[in-house]
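**Q** 3D model of this:
(one chain, ligands or ions: 1)
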Amino acid sequence: MAFVRDNPQLLYTIFLMVAVPVAFFVSGYQFLRSSQNIQTKVEQTYVASVHDALVDTVREKFNDPSAVQDLINQVSKRNEDIIRMVVLTNEGDRAHIIASSRTSEQGAYVPIGTTDDPTKPGYELAVTVSRGSGTYAFEMADANGRFWRSVQAVRDGNDAVIGFLLTDISMKQLDAISQRNIYTADLWALFLVLAIMILLLRHARIVDYTVLYRKLAEVDKLKDDFISMAAHELRTPLSIIRGYASMLVESKSLAEGDHHQAELIDRSAVQLNALVEDLLNVMRIEQGRMDFTFVSLDLASAAQEVADMFSISAREKGLALTYEKNGAVMAVLDADRIRQVLINIVGNAVKYTPAGAVTIKVFSDDTKKRAVVRVSDTGIGISAEEQKNLFGKFYRVKSDETKQIRGTGLGLWITKQLVLNMKGTISVESIKGKGTDIEVSFPLVG
Ligand code: ADP
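**A** Okay, the predicted model is just below:
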């Protein structure tokens, strides 16, 4: 019960599972009823028009019973729906059958109360009909199926009643057709209801997924909280370690061997600090807490600043770091975030290039109205397969060349998010073993 309360969608599904088939059958039933009413009207009109036509012909031949009989024979032969046709006159309390499709009663005198079934209107009705002028039609049924019995007075030129025409027109064929249609419609309805049921059952499974999703979201939040808390807690002791480590590195009183160890501590502390900062940045971006202060700035100067920043480490590695620009390239960006983006990209280029050059080009693409920075290197390159995951969180290419290079696999994910937040795009072109080009572009200002 508590499960149902926590998952109101389940009630909704159950409601639909009952309501949909009921609505389906109610509407189907109503449709059937209204079409049956229409069918009755159509049948009445049909029967009346057939009867009107017959009565006219009977009138013409009325004085010649054998001609009337011929007519009846012909009509019965040609139209198998007309299962009975009788022409009679009323003599006192008897009906005189002048002609009939039933041979046995041809020429007979029968009491007007006589019918094949006393509950059905027959000859007596024919006699009472003389008062009206239209066709009187009654829907009936016997062992052979449904039929319409119609009676109409035959009148002479002076409008005097001279006799009656009684016909039974069978609806057997029509009923067979509509029965077939109803059967097919029922099958379709059943099929549709089944299909809807299957759909709803599948819908019910979504409830499971919702529960699962909620649990996952909870676990995800726990994970985020934990990382966030751990990263924050690590920051203070880390900055103390870094402070003392750099003090030791610069200390003149340390022995040569100790100096090297102090440097190792310092380097590891720097790396750990980078990891902590990356983790905090991931959290900020994911929780939408990363602030951006947009200003119109020169992308070229921002890139120059970063190029200068890496000039020493590039030189130490023996790499030629060049920076090219064509004047100022203005874009609306956050100064700190664009620096972070460029540091990540240029930093990677230097990091993953064992020998050769790193080139930073800043230019404006005037046709596309973009401010572009392209960082090219002659490094280890990234295969097409690896490029697919390049911007994924924690993704690092695992190869012999990258084994010795430290990193978190978060840099490019953060970079991409920052670029997207600044309405920019980032793309990569690379050939394994030859080098990599990473390009970021932003809407150009001015
Ligand atoms: P990391 O901290 O590992 O450098 P990044 O997200 O910055 O993480 O980069 C993800 C991976 O992409 C790297 O581990 C590296 O394999 C690959 N990569 C990034 N930039 C380059 C580059 N310029 N040349 C070759 N590989 C690169």
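**Q** contacts and neighbour counts: CA atoms only from here.
**A** Will do.
**Q** backbone dihedrals for the nearest residue to S101 once chain neighbours are set aside, please?
**A** In space, and not counting its chain neighbours, S101 is closest to M85: 5.4 Å by Cα to Cα, 6 or more residues apart in numbering. For M85, the backbone dihedrals (degrees, to the nearest 10) come out as phi -150, psi 120.
**Q** which residues touch M85?
**A** Residues in contact with M85 (Cα atoms under 8 Å, 6 or more residues apart in numbering) are 72, 76, 100-101, 165-168.
**Q** of all pairs in those, which one is the farthest apart?
**A** S76 and L165 (13.9 Å; Cα to Cα).
**Q** between the two, which has more neighbouring residues?
**A** Higher neighbour count among S76 and L165: L165, with 25 against 17, using other Cα atoms under 10 Å.
**Q** what's the closest non-adjacent residue to the more buried one?
**A** L165 sits nearest to V87 (Cα to Cα, 6+ apart), 4.6 Å away.
**Q** give the burial count for that neighbour, as a bare number.
**A** Neighbours of V87 (other Cα under 10 Å): 30.
**Q** same question, the one 5 residues further on
**A** Neighbourhood size, G92 [other Cα under 10 Å]: 10.
**Q** measure it to I112 for me?
**A** 9 Å (Cα to Cα, to the nearest Å).
**Q** and for L190?
**A** 51 Å.
**Q** same deal with V419?
**A** 102 Å.
**Q** ok, now Q261?
**A** Counting by Cα to Cα - Q261 and I112 are separated by 131 Å.
**Q** before we move on, what SS does the residue in the stretch 51-200 of the chain that the ligand sits nearest to have?
**A** Closest contact between the stretch 51-200 of the chain and the ligand, by Cα to the nearest ligand atom, is at L199 (42.9 Å). Three-state call for L199 (DSSP: H, G, I helix; E, B strand; the rest coil): helix.
**Q** re earlier: of Q261 and I112, who's got more company?
**A** With neighbours defined as other Cα under 10 Å, Q261 and I112 compare such that I112 has more, 19 against 14.
**Q** and the more buried one, what does it touch?
**A** With contact taken as Cα under 8 Å, 6+ apart, I112 is in contact with 93-95, 122-124, 127.
**Q** select only the buried ones of these in ChimeraX?
**A** Selection of buried members from those for ChimeraX, criterion 16 or more other Cα atoms under 10 Å:
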select :94,95,122,123,124,127
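**Q** and S399, how far from L319?
**A** Distance from S399 to L319, by Cα to Cα: 22 Å.
**Q** the helix or strand that contains L418: which residues count as buried?
**A** Taking DSSP states H and E as the criterion, L418 maps to helix 411-421. Residues of helix 411-421 classed as buried: 411-419, 421 (neighbour count, 16+ other Cα under 10 Å).
**Q** tell me, which of those make contact with the ligand?
**A** Intersecting the buried residues of helix 411-421 with the contacts of the ligand gives 411-413 (criterion: Cα under 6 Å from any ligand atom).
**Q** can you lay out these as JSON lines showing pLDDT and distance to A303?
**A** As requested, those are arranged in JSON lines below (pLDDT from 0 to 100; distance: Cα to Cα, whole Å):
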{"residue": "G411", "pLDDT": "94", "distance to A303": "17"}
{"residue": "L412", "pLDDT": "96", "distance to A303": "17"}
{"residue": "W413", "pLDDT": "96", "distance to A303": "20"}
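**Q** take these and write them to JSON lines, including distance to P65.
**A** Shown next, in JSON lines, are these (distance: Cα to Cα, whole Å):
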{"residue": "G411", "distance to P65": "110"}
{"residue": "L412", "distance to P65": "107"}
{"residue": "W413", "distance to P65": "105"}
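**Q** and Y395, that's in a strand?
**A** No - checked against three-state DSSP, Y395 lies outside a strand; its state is coil.
**Q** any idea which helix or strand comes after the host helix or strand of the residue nearest to L165?
**A** Assigned by DSSP H and E, V87 falls within strand 82-91. Sequence-wise, the next helix or strand downstream of strand 82-91 (DSSP H and E) is strand 94-100.
**Q** what comes up buried for that following strand?
**A** Buried residues in strand 94-100 (16+ other Cα under 10 Å): 94-100.
**Q** just stretch 38-48 next, same as before
**A** 43-44, 47-48.
**Q** the ligand contacts on the stretch 201-350 of the chain?
**A** Residues of the stretch 201-350 of the chain lying near the ligand (Cα under 6 Å from any ligand atom): 348-349.
**Q** would you point out which residue of the stretch 201-350 of the chain is nearest the ligand?
**A** Closest point on the stretch 201-350 of the chain to the ligand, by Cα to the nearest ligand atom, is A349, at 3.8 Å.
**Q** strands of the stretch 201-350 of the chain, residue ranges please.
**A** 295-298, 320-325, 330-333 (DSSP state E, counting those that start in this stretch).
**Q** would you list these in JSON lines and tack on distance to L238, mean pLDDT and mean neighbour count?
**A** Shown next, in JSON lines, are these (distance: least, Cα to Cα, whole Å; pLDDT from 0 to 100; neighbours: other Cα atoms under 10 Å):
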{"stretch": "strand 295-298", "distance to L238": "33", "mean pLDDT": "96", "mean neighbour count": "15"}
{"stretch": "strand 320-325", "distance to L238": "32", "mean pLDDT": "96", "mean neighbour count": "17"}
{"stretch": "strand 330-333", "distance to L238": "31", "mean pLDDT": "97", "mean neighbour count": "22"}
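**Q** for V211, which of these is the nearest?
**A** strand 330-333 (41.1 Å).
**Q** how far off centre is the closest one?
**A** 40 Å (Cα atoms, centre = their mean, to the nearest Å).
**Q** helices and strands around it, which ones?
**A** strand 295-298, helix 299-317, strand 435-443 (3 or more Cα pairs under 8 Å, 6 or more residues apart in numbering; DSSP states H and E).
**Q** cutoff 10 Å now
**A** Strand 330-333 is packed against strand 295-298, helix 299-317, strand 357-365, strand 370-377, strand 435-443, with contacts defined by 3 or more Cα pairs under 10 Å, 6 or more residues apart in numbering; DSSP states H and E.
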